[in-house]
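Visitor: I'll drop the sequence and a predicted model, then ask my questions.
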Amino acid sequence: MTLQFLAGWLLGICALAVSGSLTAAQPDPLDAIAAVPAQNYLSPLHDYQAQVDEPLQDWRAANDLVGRIGGWRTYSMEGWQQSGEQADEPAAGGGHVHH
């Protein structure tokens with residue numbers, strides 16, 4: 001016997017042993033009463049929390065608050081405000097100033 005033959009024979013025996021042990025642990029899919037491990041299902045929505053409505057407030061008080069803050073013009077400028085450091089630098093987009 002050559003060394004290559006023995007190595008091939010040994011690899012074949014190992015492959016049979018491994019495949020035999022793997023298939024022995026699996027239940028027969030055609031056996032209706034075969035014992036199978038329990039399946040643990042966790043819904044992707046298990047941590048879901050519904051949105052909660054904010055409590056209603058007096059509309060007059062809400063309108064007065066918006067007026068004190070500066071009205072709709074203040075809210076519309078929130079996206080355009082820059083910090084003091086950024087105001088010294090040229091504006092992005094060709095230096096155009098939005099009014």
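Guide: Structure received. Numbers count the residues shown, from 1 in each chain.
Visitor: Strands of this protein, residue ranges please.
Guide: Remark: no strands are assigned in the chain by DSSP state E.
Visitor: Break down it into its helices, ranges please.
Guide: For the chain, the helices defined by DSSP state H cover 3-25, 59-69, 71-77, 84-87.
Visitor: what is the rounded mean pLDDT of the second one?
Guide: If I follow you right, that is helix 59-69. When pLDDT is averaged over helix 59-69, the result is 90.
Visitor: Now it: buried residues?
Guide: The neighbour-count check on helix 59-69 (16 or more other CB atoms under 10 Å) flags nothing as buried. Where you see a C-beta, it was placed from the backbone N, CA and C, and this is true even at glycine.
Visitor: then that helix to CSV, C-alphas only?
Guide: The C-alpha trace of helix 59-69 is given here as CSV (Å, rounded to 0.1, in the frame of the first residue of the first chain):
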residue,chain,number,x,y,z
TRP,A,59,-55.4,76.7,21.4
ARG,A,60,-55.3,80.3,22.5
ALA,A,61,-52.3,79.7,24.8
ALA,A,62,-50.6,77.8,22.0
ASN,A,63,-51.1,80.7,19.6
ASP,A,64,-49.9,83.2,22.2
LEU,A,65,-46.7,81.1,22.7
VAL,A,66,-46.0,81.0,19.0
GLY,A,67,-46.5,84.8,18.9
ARG,A,68,-44.0,85.3,21.8
ILE,A,69,-41.5,83.1,20.0
